[in-house]
Each structure stands twice: as C-alpha cells, then as structure tokens.
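Q: below: sequence and its predicted model.
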Amino acid sequence: MSRKTSSASSQQLMRLIEPGVTLFRPAEIPVVIVPVGQCPPGLWLQYVGLVTKHRQIELQLLRSFYKEQQKSPFTHLPWKAGALHFRFPPESVAVQKDLMTPLYTHRKVLGVIGICHGPASQDVKEAYELFDRTCRAFPDAIAQRCFFFEPSDAHVAEDKTEMPELMMFPPTESGGTEQLSSHAEVVMLDFATAMLSGLERWMLTAGPAMIDLNTFCDTSDKLMSSVSVLDEVQKRLYTDEEMTRKRRYGRLQKAMGDVSLLAGSPADAIEHYSTAIDLSKACADVVWTGAAFGGIASAKVLEACTENRALRSGHSQASSEPAVRRPPVVRLQAEDMSSVESRVSSGFGGLEFWDALRQAKSLESDVRYQLTEARIVLRRRSVIPLMVEHDLAWVRLLIGLHGMRARKEVNEIVSGIVEMGAALQYTEDKLTNIMEAAQVMGMVGSLRKRVLLLWQAVEFSRSSERPNLTTLQIARKALEPPDLLEEAGEEHSGAPLGLAASAGPSQHWSAVRCGCIEGVLATAILAGQHADVWEAASMLLREHWRELAPSRQQSLQRTLEAAANQMPDGERKRPGPGPPPLLSLLRPLAGPPHLQPHCMLLDVHGMHRLLSIAESGSAKSINPFIYNPFRPVKVKGSEEPIAPASEAGSICWICGESASVEVEIRNPTVIPIKVERLTLDVEWAGHPSVAVADQKLMTQAKWKPNPVAMWLPAETPATKVMLTGMPLRAGLFTITGCLVTAMGVSWKQPWLPRTAFSGQQNGTKAPGGHAQAQVSVVDPLPLIRVRVETPPTSVAPQIEQRALPSSESSSETAAAAPKAQEANASIEPIRASALKGQILSWWLSISNAGKLPVSAAMVGVEQQSSAGAMPAQRPLPAGGVPAADMPSMAPSVPYRPPVAHVKAAVDERHLQSALPLGQSGRVKVPMLLYATQVASYTGEEDANLSISLEYAATIDASNDTIGRKSTVPVHLHFLPSLEVTGVSFHEHHMPAAARGRDTSSRDASLRRTSSLGDIDRSSSGGSNRPGQSDAPGLENSAAVYTKSGVSRVCVVEVEAVNSAAVGLQVWLGRRVTPEHHSADWQALADSPRPWAPKAADASVPLHAHCKLVPAGQHVTVACIVDCATMPHSERLAGMVSMGRADFVSKDLIAEELCNRFAIYWRHEDLHDAAIPVEIGALPLPRDLLVKALSTQALTLLCPPPVGGPLSISFQALQSAPGKDAVPCELQEVFAPGTVITDMTQSRVSLWGTQAALGSALLITAQVYNFGETRQTVGWSVSCWDSNFLAGEANCAFDSLAAAAAGQFAGLKDELEARAQACKKFAVTFLRPGLFCLSAKEVMVTAENPKMAKAARTTIFPLYVLVK
Amino acid sequence: MSSTVLTFVIVGLDDHPIFEADLVLRGEAGSRDDRTQYLHQFVLHAALDAVEDQQWQSTNMNLGVVDKFNNLQVSAFVTAAQIKFLLLHDGRSDDSIRQFFRDVHEVFLKVMMNPFFSPKAPVKSNAFHQRVRAISRSHFRS
C-alpha cells in the first residue's frame, strides 16, 4: 500500500456528529495504523489483521509487562475483569482534525502503529524516520510503535539504539504465520501496557492549567444557541474568576473521567464525571455537563460489562476478516475499505456479549436516567449534535438489549432525531444524521423506512452540492441490504432477525427500487463513475424493463454505450450481472447414450454388472411397494418432463469431451442486442480425491468454453439455445451462468428463475430455471467404435438395407466427440432379413477410436419391446380392405408382425483375449444371433434388439468403474422357412448288436444319425447315465429282444413344408445351442450334410437323412429318440404306465422333445462361393407333438424303468421234428422302405417272426414277476393288424384276420416273487400282412395294495409277418 | 403540477401495490415531476413499516395517520383480508379520510367478489378507478 500523502495534511473535518456512535465508543482508544514505506496490498491486509485482531486486551494479561513505578491514579482499575479496548479508525479519517476533541478525549488519536514491510525499505533507520514524521501528524498520541516485518539480515544487524519504538518481527520463513501471530500478540500486549502507562502519566500530570476555555465548543455558534437568560442569571451569582476556575476544574474532571474510561476503569470515571457535573453545573458549562452525563452513562454500561463478564477475550473475537462476515451484498462498485474498517473496529458486540449485558440489573434505567439528565441540560442551549449523539447511542443500546422488540421506541426516537436534524448547522452533520437514522432503522427491520431515509440523504447530498462521489456512496447503500452485523457495530443481539434478513431489497416496491437505481445512475453520471453508470443502467434494464418506457430504454442503452466507451480497459470486465439478454438455465444435457459414462459394478463373482449412472440413481431407492404414488407419471406421446437439473450427479460429463447445456435467452427490451460472445460460466467445485487445500492451488484451466455470437432483435421471446464447452478436469462443476460480451464489456450473467424470466407474476411453476446446476465430470474414458458386420445372404432378400460399401452392412455408433450435438438423434438400426430359425453368424467389429486403451469390455444383447422402432406401416395383408374404402375404419390399426424372441451368443473368449485394446486397435468378435421360433407359424416376424458393448479403461475392484456403453440397434425381419405339418412316432427295432457293439462299430453304424443329433450320444448336458440307459436296461426289461439281439427304440418323424423361396436341406436332429467353442455346434456348423444313401441301411429309419427340399415342397424327416437319456423319463414312464397318459404327461414329454429336438435347415448357394452356408434350427411345435403322442408312442418313449416288477412277452415257437417246440429266433420282418400294403410303406425296421398263411403259429406268452412280492396278473391277448403302424388299431381277432386256438382272454396268473408263468396258444393268420401280438387289459393285484398301485407292467409285443 | 397531495394506494398480500391513483390529478391532464412521484412512492412504501407495527395493536380497520414525513402524512386502513389502503395526503381531516376509506372498502369488496380476482394481482378495472375518484371527489372537496 502506498504511503498516503493525506497523512501530512491535517485538514479539519466540518462535522460534529461522529458516525456510528455508541455508548461503548468513549471506552475505545483510537489507534491509527499507518504504512511506513511501500507495502504490497495483500501483505498490508495480513499485517493489519495481525494488529486489529487484538482489539481488546485484558488487563490481567498486562501484569507481566506493567511496572507500577508509582501509585496508579486509577484506584478502581479492574485488573481481573477489565480490558483495554482499541479502535482502529482508517488513517484517512484519523488525520482529519475533529472539532470535538476538546470535549471528548476518545476522539483524539492516542496511539500510532506503523507497519513497515522490510523488503521495501532500504534500511531501518530511514523507515523509522519516516514513521517518526508520520507520528507528528498525531500530536495527541500517547503510545507509538513501528512494526517492522520481514527484516533481512542487514536490517537486523543495524544499530537500533535510537529507535525505541521499533518492534522487529521474525521473518515468515523462519516460523511461518503462526509465529508472526504469537509475536504480534506479545507486541500488542507491550503496546497496551505503554498505552496504560501513558494514560496514567497523563492523569498524574493533568492540571487546570492544561484546560483551554476558548475551544471550538465555547466559541462556535454551530454547536449551541446563544446564552439563555437563566444562564446569565446564574453567571451573576459568581465572580468571573470563580466561574473560570470552576469551569477549568469541571472540564479537567471531565477529561480525567474520559481517560479513566479509556483505561478501562469505569468506577474511577464515574467519580470524576460526578465531580465534573457538580462543577460544570455550578458554572453553567452546559456542553461539558451534558457530555459528563453521557460519560456516566457509558461508564455504567462498561461497568455492567465488567461485572457481568460480558467482554470477550481478544482472541475469541479474532474473526476480523470483513469479507467473511459480510452477507452477500449486491454492490455496484467495490466500496472503499475505509468505511468498512471503521465499522468493524468495535470490540463490543456479539450474542454472548448482549446476553451477559441483559443480566445487568437496572442498567437500562440507570443509563436512561443519565441520558435524560443530559438531554435536559443540553436542551437549555440546544446542543443538538450532542443530543443526537446521545439519542443514537441510546437507540443502539436499546437495539442491542431488546432487538426488534424495541422497534416502536426506536422508531419514535429516530423520528425525533430526524426532526432535530433539521436544526443542525453543518451539512455534514445533517447528512450523518439521516444516514445514522437510516442505519438504525435498518437494524430494527424497518427496511422501507431505511430506504426512504437513504433516498432523502441522496437528495440532500445532491442538493447541498457535496462531492458526487460521496453522494454516490450513499446512493449505493439504498440498494444494499442493511449490513446488520457491521452497521450495527455488532450491536445486534440475538433478537429475531427474520424480518430484517428476509425483507431484502427485492421486497421493495418496484417503483421504489427503480427510484433508488435512478438515483445511483444520476449521481454516477455526475461523478463520472462509468462503471457505476454501467451497473445502474444495466440493473434498470435488467430488472425494471417492464416499468420503463421505450424511450427511456433507448436512452439507457445510449448511456450504456457511452459508459462502455469511456470505461477504462481494466473495468471492462464486470463481475456482476449486466444488461439483458436475460438467461435462464433449462438443463445441462448428457451426451448421446453411447458417449455417456456408465457405472460398471464388479460383483462377488467377478462378473460385471453394468448399470447406467442415471439408472443407478433410481436403483438405489429400494421401495417395497410396486406402485409408487409419488413417481412422476409418464404420459405416452408427451414430451418427457425435464429432469430437475439441480440434482447433483444426475448428469455426467466426461473430461475432455464436449458438453452442452440448454439455455433460454430473452431480450425483453425494445433495443436490439448484439452479443459479441456468449459462453458458459462454469465453476469447478472440486474433486473428492483432491484435498481442499490443493484445490485452491490449482490454477490451470478447468473449462474450455465454446463461444457463440448472436444478434437478438428487440423483444425477443424466450428462445432455446444450446451452449457448449469442454471440461478439462474431473470433479464437480457448477454451471453458474454465462459470460456475456457486448458493447466491448464482458460480464457474468447469472441464471434467472424462469418465473422472473418469463414475466409470470403468479409464479406458475415452469420447468428449469434453476439458479445453478451441478454436473459431475468423470475422468477421460476410452472411445470405441462398434460396427456390426453381416455377411451376404442368399436365403432372404435384403430389405431396407442401408447403403454401405460392398455387401457389408454396418452401423457405427461411436461418434466423435465434436459430433455430440447430434446426441439425441436416434441411431438408425441395422435392418436385416433372415429365414425363420436362421442362425446368423455376424461379427462385431470393435475399434478403439480414443486415446485410452480399453482393458475391460463386455457384449450384451437386449431385446426391445415391439412398440419401439418398428418399420413403417405395412400394407394390409392380402384380402384386407384398404382403409380408404372404408371410412368407418379409417383409423385402422397398422399391421405389425409378431415379435420373435432373439438370442445371441458372443465369443467372449475371443473378445477377452484381444484386451487390452490399444489405441487404434481393432478386434472382430464373432457373434451368433438366432430366434427361437417354432416351426409352425407361417407368417413373418420381426424382432428389435440392441447389441451393446460396455467397456472401460481400467477396472477398479474397490470402486465402481466408470466406462461407456455403445449400443447398436438391430431390426430383424424373419421370413417363413419351414412349416411342420405333422409329427408321428414309430417303433423301431435295431439289432442289439448294433447298439451293443463296441464303441467303434457303434459309432460307425450311428454315424449318420449321430450327426443328425441322435440322442444316443452324450448330450451337451452330459446326462447320459450309463446305468440307466444302455446295457442293464436292455438286458433286464427286454429279455426276449435281447436274446434275439434286437432293441426297441422310438422314431420321431416330422413332416414339413418348405415355405422359403429357396431350396433347403432339411433334417431332424438333436437341438444344439449355438455357442462358440462348443463341439456340438462346431460339428453342426462345419460338417458337410450327409445325403440319403441309395442303399438304405436297415438299422436306420427311412427318413433319418438330410433331404434337399425345393421351395414349396413337402418333406418328411425322422430321427431316433432314445428315451433313456430323457431327464424325466422315469417320472414320465411311471405316469404313462399307470395309465395316466393325460394331457399333463403328454405336455411334459412334448416339452422335453421340443427342448431336445429341432428341425434343421441349411442353404448353400452353389453359384456364389462368397455366400457362406446358412443354417437354421427350428424347435418342433409342441401342439403337434402332443397330438402325436399316442399311448403306444408314450410306452415307447417312456419304457418302464429298469427293474420293473412285471413283464409280459411273447415268443413264437417252432416245432422241430421229434423235439419240443423251441422259441424262434427273431428276424427282421420289415426293413425301412418295405412295402407293407399298397398304401403303407415301412419307414422303420421291425423284428419279429414269420408265419405262413393259414398255418398255426405256436405262441408262448411269458409273465415275469421281478418283484419281491406275490402278484396276481389278469390279462388278455390281442392281435393287431398292420394298420396299427399307421395309427389305426384294428384287432385282428375281431376282423377275422386271425384265428386263435387256446386261451387268450381272461388269463390270470398268480406269481410268486421272482417267478414266471407261461401260457401257450396257437394263432392262425387268415390273410397276409404284418400282425402284432400284445397283451391288453392287464390287471395286477398285489398283496400290498400300495405295491399294486405302483406296479408297472412291461409288455413286449411280437410282430408276425404272414406271407 | 398540483400543489396538493392525495395519492391512494392499495397494497396486496405480498406488500406490493395492486392499485395506485393520484386523486388530485385529473386524468391525463397533469403530471407530477419524477422526483415528487418518487417521493410519494417512497413515503407510502416506508409507511408500510408503521402499518405493520400498528395493524395488530388495534381492532379498528382504520388506523388513522400512521406515518409522517416532513409535511406528508400517510393514513392507513387494513381490511380483514390484510389488504392495506394507504392514502398520502398533506393533512386532511380524519373524518373525511375515514369516510373515504369506508366507501372505497365497500367498492373494493365488490372487486374482491370477482372469482378471478387475486389479492396479489393488480386491479385493472376501469370502473373501480372511476368509483374511487368519485368517492375522493365527494369526500375531499377542496
């Protein structure tokens, strides 16, 4: 801070009333802090802070410094509870000579503290001389000190013997600011001791000779009126000499009272004041009498403070930083610090202080009495300034004690003060009077009255031709809220502040506020304060454009332009709000979905669970209720409600990438505005990982704005504008407003609430319009470009394919960061056609388009509902009536194909092996997409799905990993392929040798079927249970067949139509889930299709081959079902054998078959080698399966489990000559393809015996009881003709096709445990063909009813070919 | 410019004026200078502090003269709905002011009965304006 020249010239201050006067003021020792030499402003404030911190010093702390060389004149000095109080008036005020110093000692400057910044001074001596010269301006000073900061070694080495007042502080480098602080404390204690000693010295040396009787207070007519008659009478009672003597002594006593009060000894002060009153009254020294009464009032208050321990220690009230304590004030210009400093320099105040003072008994009445007495005395000679001061001091005490409750009394007193003010002689006093009245009114919450008084003060100041700059300062005050804490000198108690605090300037009438601003504007123009002119004109246009006439608006615009032109360059950057355009924040926008950050959560199994950050917010609010009445209702078709932007973290931006904010801009004035530059103003609110202290030190740019320029015509309504920028650092950002540059001036325009913005009076709720919005910014994220590559296809026409190079279709979802503005435009989906069931082998081409490597990625597929991105409305299906022809049906429902459920298999292994993906790295991940349609519906189907890739640069196991999610929407259109028209089940016999042979031969025999998916092979589930399926079962349950080397299996035969436009290779096989790295799938996908051999293999069913089916042709395909491997076979078998082949069991079996078998198609374009082979798989329709599941089929599919208790089997006997009949060997009676009848052809292989037409065939029926209990079996024999193969059950015995000899009906056997019974009979077949002997009407009766219920009988029929 | 002062203001619930009339000026014929207009507004505005103090200390709707500023006086009337009538004058008789307030209150009640009336929105009824002027003429004949 530069040395002010004003210190040298001690001009006289034409003012009698001291601003901010209180009853505590007489107890405060004025100490002026002066700069010695140059000092940087920042350091100056720091040094001053070190001193002003010690505004109040307890007397007991002075004990160690104080040396009582003689008896103290202060006999009642309260050493334990008392304190010295310092006041630090600004130097500019202190140098002005106060006219009232003869009357009041506390208006003299009693102490001088010089502050010298070592590095700015050449040597100490020179600085000390400068300090000495400065001190001469304050002749009344008792104590002086020169504080020398930051001394160098040279400074320290200098001889300082002739500099007794020099106090050298240690350099900051050695001990830091803490050391400085503790040093200052000691130094100030020393200073206070010097002050106390000085006051004592004065007391001891004071005498009547020191008293001047011709002071300003005696001679001036400005202070009081002429001598009244009463005084004249009193004068005559004494001689002149006596009068003079009494007056001298009276004044001396008054001065001693003042000094006692300053020394912190109110009891001594009261004694001196009382003597002074007696003496002054006797000699009609009115002013001194009144002042002494006022002094007693002050002493009483100070005494109450001391007694009630109301004084705080100097350390506790160290918060001397004015900026911290000041409430946010809308200032036009930065107020000069002097006025602020003068206000904050009181040590009395605070909640605790006033609470303690309220405890004092009869304080208020005592003080009231003293001041009333003073008023009576002063009124005699109309000493208005003193009366005003006493009133103001009394009012402030009242406010401190009672707060707002004293409002009425304060109002009355202030009215009196204002009325009295008219009689004041000095203009400055008149103005101070109004200003003080206004301030006091503000303290009791009468803000409107305050504004009126301030306005009056401005008018008065202007009319009395005071300097315009001073008037401007007063005018500014009217626009500011009352500085309660400071203006009150911290006298405001804990009284309710609600009204005062809430009734800010905005609560005033618009016209009143407009008047205040106009006042500022006019004064600022006169004062040539262009910055103030700018601010005031801006405020008028911004806030009061409604009230301003167009002509006034235009003149204000001209004023603005003129002010902008004349403003110095340094002031062209304005801090606060400026003129229109008005701005309102709608919302910060998140980037496009694929660029938004996503939260990747790592769960316990190491699997990534991904949640979008926006979703994670809602996911946290776990609610036990499904319906939440407070959830915002989403109305279909309406625009989504704008999310409240103030929610911190709801929007997330990425460091280094473009971010946009939706803003509304409006020009309500009649003047067109040219905005030269408009940018977002964003503040970095820190980052959790960075310490607060470090955050303050970070100076590098955190935001890169993207400026725009615009032209706003007159009366532009609220218009949406998108502003962009780029965050350069992670953390929390607050969007506080915009930086606007127009007319060469730039300013920060904060957001306006939308109610004020749109001019709505009633405050209708409008979305947006937030004061601020917080956005979290995450660290830079990698950027991946995802493309879906689809191979060319020949089976389905490419519909609505996007134009792409070559035959490859792709969709890029990764937009470069600058393109983020197109964020919300939905990405056009990939449209592809496929045949139903087609397994699409696509690739995900992933390339790293960012700068960071990708170390974690995961692909997911989500199926969307049909309501989403569907293709445009399709024409009505054939036969439909066009809507135009039927007006009544005009709003026809658009036809939408059904939705197919699509599954996907991504080669995660391949993807993970490619990670981390470096910069511009690429990987192509194979992917299989397939829809699980059932091969019965012939119509077309659609599916909408999105293939998403979530990725991140790093995975942090401890925290949530932030990554991104790219999504490729896919629209699949499925065309009909195969339609299954019928399903049938057949019994098929296989030579047991073929099944039971060694593995190699078995494999050889089943090679063809195995590739078709024979269930014999170990299934993908690995559920081939050897103990149940193969060997033991066959041996036990099919003993007869086993002996003959024949096993029974079931063949499922499916009839289908090729509905596709191309020929397909079709086969039936085991259902394989398409998966990469699955052997089954590889086998299915890679191996060439086996064609039907010309020579049929007897062991293979007729249709168990791949067939080429032209378009529109029927085909029958078959495969063998081995039920032993069916997981629920035992349970189902139980149900079947118990005769409960009801719908449930059929449905279960059908479902199982659906899961197990699929009909496959394959297409190979022989003309175009570039087109890969396409494969499709369709599950079998369950309804057809259920329909085809006859009892016989169920028995075959679900044979009784191994170890069934009963079995009935038939055997043909052949009689050899001379021997007993022996069982015939079974032989294949039918091979696949054998013509049975004219209409029937055997599709399967059957084994049995042959018989000659008309000859009797001996048959033995054997019943085995494998169980452990005795059972009774009742049964009959039936004989079916060959029609049963076609599903018709005609009993040969009934149709006379066969005749039997022997008992074959009503048979009954009682079987012990593990016993068998035989029945023999002969059958003569009367016509050729295939017959089947079987048991029917089997009734089992067991001893144990439970066992009987559970008994299951296995029946092995016998096939007989009659020739 | 008229030398007499008679400004009537109705202050709504949010302490902002909803009706203002300078009852001395006759239509568009005359106008006051900016300073006087502002002074009247400031004094009326400041009187609200006094009204706030006094309105709960009396059961009477008419509060009489609540505030003075130089030669200007402000009389106040607070309706049951806490809507304040303020009259700025230069020393009219209390009786005529009381009568004026009573009559204006009667007319204002009719305005309030309008279902679209809001105690915070300005009263824009021309008829009301004319009635207030008529009442003023009848009570403050100078």
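A: Right, received. Where do you want to start?
Q: contacts, neighbours, all on C-alpha from now
A: Will do.
Q: for residue A:389, grab the count of nearby residues.
A: Neighbour count of residue A:389, defined by other CA atoms under 10 Å in any protein chain shown: 23.
Q: residues in contact with it?
A: A:17-18, A:21 (CA atoms under 8 Å, 6 or more residues apart in numbering or on different chains).
Q: which parts of chain A sit against chain B?
A: By the rule CA under 8 Å from any CA of the partner chain, the part of chain A lying against chain B is A:408, A:446-452, A:508-509, A:511-512, A:515, A:761-762.
Q: just these now: which is nearest residue B:55?
A: Minimum distance to residue B:55 across the residues of chain A next to chain B is 12.8 Å, recorded for residue A:408 (CA to CA).
Q: out of the helices and strands in chain B, which is least certain?
A: helix B:34-54 (a mean of 88; mean pLDDT, DSSP states H and E).
Q: what residues sit buried inside that one?
A: Neighbour-count burial for helix B:34-54, counted by 16 or more other CA atoms under 10 Å in any protein chain shown, picks out B:38-51.
Q: of the residues you listed, which are in range of chain A?
A: Within the set of the buried residues of helix B:34-54, contact with chain A (CA under 8 Å from any CA) is found for B:38, B:41-43, B:45-49.
Q: and the least confident helix or strand of chain B, what other elements does it pack with?
A: Taking 3 or more CA pairs under 8 Å, 6 or more residues apart in numbering or on different chains; DSSP states H and E as contact, the helices and strands that helix B:34-54 lies on are helix A:447-463, helix A:510-527, strand B:62-69, strand B:72-78, strand B:84-89.
Q: what is the longest one packed up against?
A: Pointing back at helix A:510-527 there. Against helix A:510-527 (3+ CA pairs under 8 Å, 6+ apart) you get helix A:447-463, helix A:468-477, helix A:530-543, helix B:34-54.
Q: next, the buried residues of the helix or strand that contains residue A:276.
A: Per DSSP states H and E: residue A:276 is located in helix A:266-282. By 16+ other CA under 10 Å, the buried positions in helix A:266-282 come out as A:266-277, A:279-282.
Q: closest one of those to residue A:243?
A: Among those, and counting by CA to CA, the member closest to residue A:243 is residue A:282, at 8.1 Å.
Q: now that closest one: how far from chain B?
A: Note on residue A:282: its distance to chain B, by CA to the nearest CA, to the nearest Å, is 39 Å.
Q: kindly reformat the helices and strands packed on helix A:510-527 as CSV containing distance to residue A:45.
A: Shown next, in CSV, are these (distance: least, CA to CA, whole Å):
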stretch, distance to residue A:45
helix A:447-463, 31
helix A:468-477, 23
helix A:530-543, 25
helix B:34-54, 39
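Q: which residue of chain B sits farthest from its center?
A: Farthest-out residue of chain B from its mean C-alpha position, per CA atoms, centre = their mean: residue B:115, at 23.1 Å.
Q: quick check: phi and psi at that residue.
A: Phi and psi for residue B:115, reported as degrees, to the nearest 10, are phi -60, psi -20.
Q: output the below-cut-off pLDDT ranges for chain B.
A: Applying pLDDT under 70 to chain B picks out residues B:1-3, B:25-31, B:142.
Q: related to what we said a few turns ago, and of the helices and strands packed on helix A:510-527, who's closest to residue A:1066?
A: Comparing those under CA to CA, the one sitting nearest is helix A:530-543, at 79.3 Å.
Q: tell me which other helices or strands the helix or strand harbouring residue A:840 touches.
A: Element membership of residue A:840, judged by DSSP H and E, is strand A:838-848. With contacts taken as 3+ CA pairs under 8 Å, 6+ apart, strand A:838-848 sits against strand A:784-789, strand A:922-931, strand A:1174-1179.
Q: any chance of these in JSON lines, with mean pLDDT and mean neighbour count too?
A: Shown next, in JSON lines, are the helices and strands packed on strand A:838-848 (pLDDT from 0 to 100; neighbours: other CA atoms under 10 Å in any protein chain shown):
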{"stretch": "strand A:784-789", "mean pLDDT": "84", "mean neighbour count": "25"}
{"stretch": "strand A:922-931", "mean pLDDT": "85", "mean neighbour count": "20"}
{"stretch": "strand A:1174-1179", "mean pLDDT": "83", "mean neighbour count": "25"}
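Q: would you mind giving these as JSON lines with distance to residue A:666 added?
A: Compiled in JSON lines, these are given as follows (distance: least, CA to CA, whole Å):
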{"stretch": "strand A:784-789", "distance to residue A:666": "40"}
{"stretch": "strand A:922-931", "distance to residue A:666": "48"}
{"stretch": "strand A:1174-1179", "distance to residue A:666": "61"}
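Q: gap between the closest residue to chain A within chain B and residue A:436?
A: Going by CA to the nearest CA, chain A is nearest to residue B:46 of chain B, at 4.4 Å. To residue A:436, residue B:46 is 17 Å away according to CA to CA, to the nearest Å.
Q: just residue A:535 next, same as before
A: 26 Å.
Q: same question for residue A:778.
A: For residue A:778, the distance to residue A:436 - CA to CA - is 53 Å.
Q: the two - which one has more neighbours?
A: Shown here are residue A:778 and residue A:436; by other CA under 10 Å, residue A:436 has more neighbours (27 against 20).
Q: ok, the more buried one touching residue A:22?
A: No. At 11.3 Å, residue A:436 does not count as touching residue A:22 under the criterion of CA atoms under 8 Å.
Q: what sits in contact with each of those two?
A: Joint contacts of residue A:436 and residue A:22 (CA under 8 Å, 6+ apart) are residue A:392.
Q: now that residue A:915 has come up, it's in contact with residue A:855, right?
A: Yes. When contacts are counted by CA under 8 Å, residue A:915 is listed as touching residue A:855 (5.4 Å).
Q: report pLDDT for residue A:147.
A: With respect to pLDDT, residue A:147 has a value of 91.
Q: tell me what the host helix or strand of it is packed against?
A: Assigned by DSSP H and E, residue A:147 falls within strand A:143-149. Judged by 3+ CA pairs under 8 Å, 6+ apart, strand A:143-149 is in contact with strand A:111-117, helix A:124-135, strand A:166-168, helix A:172-205.
Q: so which of the ones you listed gets nearest residue A:1312?
A: helix A:172-205 (109.3 Å).
Q: burial of residue B:71, as a residue count?
A: For residue B:71, using other CA under 10 Å, the count is 8.
Q: got it, and the one 10 residues further on?
A: The burial metric for residue B:81, expressed as a neighbour count using other CA under 10 Å, is 9.
Q: just the buried residues of the residues of chain A next to chain B.
A: So, by 16+ other CA under 10 Å, the buried ones in these are A:446-452, A:508-509, A:511-512, A:515.
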